[in-house]
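> My questions are about this predicted structure, shown below with the sequence.
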Amino acid sequence: MKKLLTTVALSLSTLVAASAAMADPYDYHHDDRRHDRVVMTEHTVWKEGARFPDHYHDQRYYVDDYRHYNQLYKPNRFERWYKVDGRYVLVNERTHNVIRVVR
C-alpha cells in the first residue's frame, strides 16, 4: 500500500510540474494587440523620366482642376496631372513617362 501511495504521489507531482513548465507566460490580461501593429506601406519614388505605372491611369487619380493649385500649370497636349501619394505628377499620355513631380 505504501508503494502504491508513493507511486501515485510521484505521478501527480510530475504531472503538475510538466503542466506548469508548458504553460504560457503570464501577460497580465492585456489584450492591446501591440504585436499586431505592423504597418506596411508602399511608397513609390517618383523620378522624372521614369515610367508611370498603369494602375494609376484611373479617373480617381486625375487632376482636372489644375488652376486651383498654385504650383501646377496647364499641361501641354498629351500631358495630364495625376495626384498620387500626396504628390502631383505630370505624365506624358503617349509614352507614360513622368515629366515633372510637384509636392
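Sure thing, it's come through.

> Would you check that residue 98 makes contact with residue 53?
No: taking contacts as CB atoms under 8 Å, residue 98 lies outside contact range of residue 53: 10.1 Å. C-betas here are computed from N, CA, C, even on glycine.

> Give me the more crowded residue out of those two.
residue 98 (18 against 10; other CB atoms under 10 Å).

> what bridges to the more buried one?
Counting by DSSP bridges, residue 98 forms beta bridges with residue 91.

> dump the residue contacts of it.
Residue 98 sits next to 46-52, 89-91 when contact means CB atoms under 8 Å, 6 or more residues apart in numbering.

> Kindly report the same for residue 44.
53, 84-85.

> Between all of the contacts of residue 98, which two are separated the most?
Taking CB to CB as the measure, these reach their widest spread between 51 and 90, a distance of 13.9 Å.

> Who has more neighbours out of those two?
Set side by side, residue 51 and residue 90 show more neighbours around residue 90, with 22 against 11, by other CB under 10 Å.

> between the contacts of residue 44, which is closest to residue 63?
The nearest one, if we look at those relative to residue 63 and count by CB to CB, is residue 84, at 9.9 Å.

> My understanding was that residue 50 contacts residue 96; is that so?
No: counting by CB under 8 Å, residue 50 stays clear of residue 96, with 9.8 Å between them.

> now the worst-scoring helix or strand of the chain on mean pLDDT, how far from the chain's geometric center?
Ranking every helix and strand in the chain by mean pLDDT, DSSP states H and E puts helix 2-21 at the bottom, with a mean of 75. Chain-centre distance of helix 2-21: 51 Å, with CA atoms, centre = their mean, to the nearest Å.

> swap in stretch 54-73?
Distance, centroid of stretch 54-73 to centroid of chain: 25 Å (CA atoms, centre = their mean).

> again with stretch 69-85
Worked out by CA atoms, centre = their mean, stretch 69-85 lies 28 Å from the chain centre.
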